[in-house]
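>>> sequence first, predicted model second:
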Amino acid sequence: MIKKLLTVEFLKIKRKGFWFLTFLGPFGVIALQMVNYGVRKDYLLQQSDNDWEYFLMNTSVFIPLALVLGIAILTSFMTSIENETNAWKQLIALPVSKLSVYLAKFTVLSSLLFVSSILLMVFTLAYGMVLDLGDVPYVEILKHSIYPFFAVLPVLALQLWIATVSQNQGIPITTGILGVILAYSSFSLPDWMIWKWPSLTNQWDQPLINVGLGIGAGCLLYLIGMLDFARRDVK
């Protein structure tokens, strides 16, 4: 049954701009570096003995913003599809559980984010090779692209929860904007705030801590949101 629900959800987002946004996020992050290095490449290459490390550091500044903003847009778009067509009651009327419906939506959204992370890895590698930064640190590029995906899962779970239970879609949009502001100010946030985790920074200087916290808190918020959605009347 979950397979059929996933098929339905992917059909719903077809020609709705979801895949374009999935591509636009990682491309935008690297496009900023194209401008940055295109204007002052010689200066930037003089700032560090490790050109790849410095390039990844510059890129990583924009990844949390892209992820949090992308989550806010995608979750809002996904739930608006149901609201605009008044499809919630029709969907729930089918012989499927609310838990399965919620799981399908979370799976589709997380899949889109994961595809974005893979594209980011590809774009980062490609442009770094164009810049001829030296020996390619494949493992670091993988970590740089994939770790934020796991660290941002709590934000995804929270936004989906808010979007699915809110009568007014202005609420998840407002929450999403607030999340983007917090992600932008992540350097000044305490380590326990979920909007800081995609930056992979903490007082221990261990990115894996953020990854572990993201997976754990993401699962917890997903379960809370799913159970809350299941007990509520549909919109």
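It's in.
>>> spell out the secondary structure type for the residue nearest the centre of the chain.
Geometric centre of the chain, nearest residue: Leu67, 3.6 Å, by Cα atoms, centre = their mean. The three-state label given to Leu67 by DSSP: H, G, I helix; E, B strand; the rest coil is helix.
>>> let me see the contact set for it.
Contacts for Leu67 were tallied using Cβ atoms under 8 Å, 6 or more residues apart in numbering; they are 25, 113, 116, 148-149, 152, 155, 183, 198. Placement of C-beta: from N, CA and C, glycine included.
>>> just the residues you listed: which are in helices?
Among those, the residues falling in helices (DSSP state H) are 25, 113, 116, 148-149, 155, 183.
>>> closest to Leu11 among the contacts of Leu67?
Using Cβ to Cβ, Leu113 comes nearest to Leu11 of the contacts of Leu67, at 19.3 Å.
>>> how close does that closest one sit to Arg232?
Remark: distance between Leu113 and Arg232 (Cβ to Cβ, to the nearest Å) = 25 Å.
>>> more neighbours: these two, which one.
A count of neighbours by other Cβ atoms under 10 Å puts Leu113 above the other of Leu113 and Arg232, at 21 against 11.
>>> my guess is that one contacts Gly70. True?
Yes - counting by Cβ atoms under 8 Å, Leu113 does reach Gly70; the two are 6.9 Å apart.
>>> now do the shared contacts for these two.
Thr22.
>>> got the buried residues for stretch 104-118?
By neighbour count on 16 or more other Cβ atoms under 10 Å, the buried set for stretch 104-118 is 104-106, 108-110, 112-113, 115-118.
>>> and those as JSON lines, adding pLDDT and distance to Gly128?
Below are the buried residues of stretch 104-118 laid out as JSON lines (pLDDT from 0 to 100; distance: Cβ to Cβ, whole Å):
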{"residue": "Ala104", "pLDDT": "90", "distance to Gly128": "36"}
{"residue": "Lys105", "pLDDT": "91", "distance to Gly128": "35"}
{"residue": "Phe106", "pLDDT": "95", "distance to Gly128": "33"}
{"residue": "Val108", "pLDDT": "94", "distance to Gly128": "31"}
{"residue": "Leu109", "pLDDT": "95", "distance to Gly128": "29"}
{"residue": "Ser110", "pLDDT": "96", "distance to Gly128": "27"}
{"residue": "Leu112", "pLDDT": "96", "distance to Gly128": "24"}
{"residue": "Leu113", "pLDDT": "96", "distance to Gly128": "22"}
{"residue": "Val115", "pLDDT": "97", "distance to Gly128": "20"}
{"residue": "Ser116", "pLDDT": "97", "distance to Gly128": "18"}
{"residue": "Ser117", "pLDDT": "96", "distance to Gly128": "16"}
{"residue": "Ile118", "pLDDT": "97", "distance to Gly128": "16"}
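>>> which of those residues lies closest to Gln47?
When those are compared for distance to Gln47 (Cβ to Cβ), Ser117 wins out at 26.4 Å.
>>> can you pull the contacts of that closest one?
26, 145-146, 148-149.
>>> which residues touch the nearest residue in space to it that is not next to it in sequence?
Leaving aside its chain neighbours, Ser117 sits nearest to Phe149 (4.3 Å; criterion: Cβ to Cβ, 6 or more residues apart in numbering). Contacts for Phe149 (Cβ under 8 Å, 6+ apart) come out as 67, 113-114, 116-117.
>>> quick one, grab the pLDDT at Phe149.
Note for Phe149: predicted pLDDT of 97.
>>> for Ile92, same thing?
At Ile92, the model reports a pLDDT of 64.
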